[in-house]
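Enquirer: okay, sequence plus prediction incoming.
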Amino acid sequence: TTRIRCEVCHSIARHIKDFLMLNATQEITIQEGILICSLLRLQTQRVCSEIIPKFAPWVITVLAHSVFSAENLCTKAHLCPKPDTPEKPEIIDLPAPTTKNHITVSEQQNDDDDQKIWVVHLSDWHYDSEYAEGYEVNCGEPVCCRAPNAFGDKATTPAGKWGDYNC
């Protein structure tokens, strides 16, 4: 149920916060994460043991430099319902503004087509170094299109050369 899932999330979030406060090593934190993921069946054993070591360094860094409450974290992760009362605004201490030298760039207008350049802006890129063309897009795991894959070369929806939304 939602209530149990929420309470479990609160418990895990508090546990993570305690781990960070104890300055647990990254290796121990990863082992603990795999254990929690497996015991709670958040994903398959294979997914838990592969994904946590890959993303743990970034997650640990972000959480170690964040001020978070278990309640807020679990609500934002959509594991707990939003509270009945409006969420209190989070207070974030920002450094004092600095005075920077502003650089003024003068623009020259030139109607000469030879002087024009085209710029392609690609945003929100996601690169997966383990992406493999042809692997199943709908594998039932959080990240598909990687080896090993239970579908092998019999993918019903194979991943394309330039990626796929589910991968």
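Expert: All right, it came through fine.
Enquirer: just the strands in this structure please.
Expert: Taking DSSP state E as the criterion, the chain contains no strands.
Enquirer: give me the below-cutoff pLDDT ranges for it.
Expert: Within the chain, the stretches falling below the threshold (pLDDT under 70) are 84-92, 99-114, 150, 152-153.
Enquirer: let me see the domain layout of it.
Expert: The chain resolves into domains spanning 2-76, 129-167 when parsed by automatic domain parsing.
Enquirer: wait, which of those domains is closest to Pro97?
Expert: Distances from Pro97 to each of these were compared using CB to CB; the shortest belongs to domain 2-76, at 20.6 Å. Where you see a C-beta, it was placed from the backbone N, CA and C, and this is true even at glycine.
Enquirer: thought Thr157 was touching Asn138?
Expert: Yes. Because the distance of 5.3 Å satisfies CB atoms under 8 Å, Thr157 is recorded as touching Asn138.
Enquirer: picking up where we left off before, switch the domains of the chain over to a markdown table; also include mean neighbour count.
Expert: As requested, the domains of the chain are arranged in a markdown table below (neighbours: other CB atoms under 10 Å):
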| stretch | mean neighbour count |
| --- | --- |
| domain 2-76 | 15 |
| domain 129-167 | 14 |
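Enquirer: reformat those domains as a markdown table; add distance to Pro83.
Expert: Shown next, in a markdown table, are the domains of the chain (distance: least, CB to CB, whole Å):
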| stretch | distance to Pro83 |
| --- | --- |
| domain 2-76 | 7 |
| domain 129-167 | 28 |
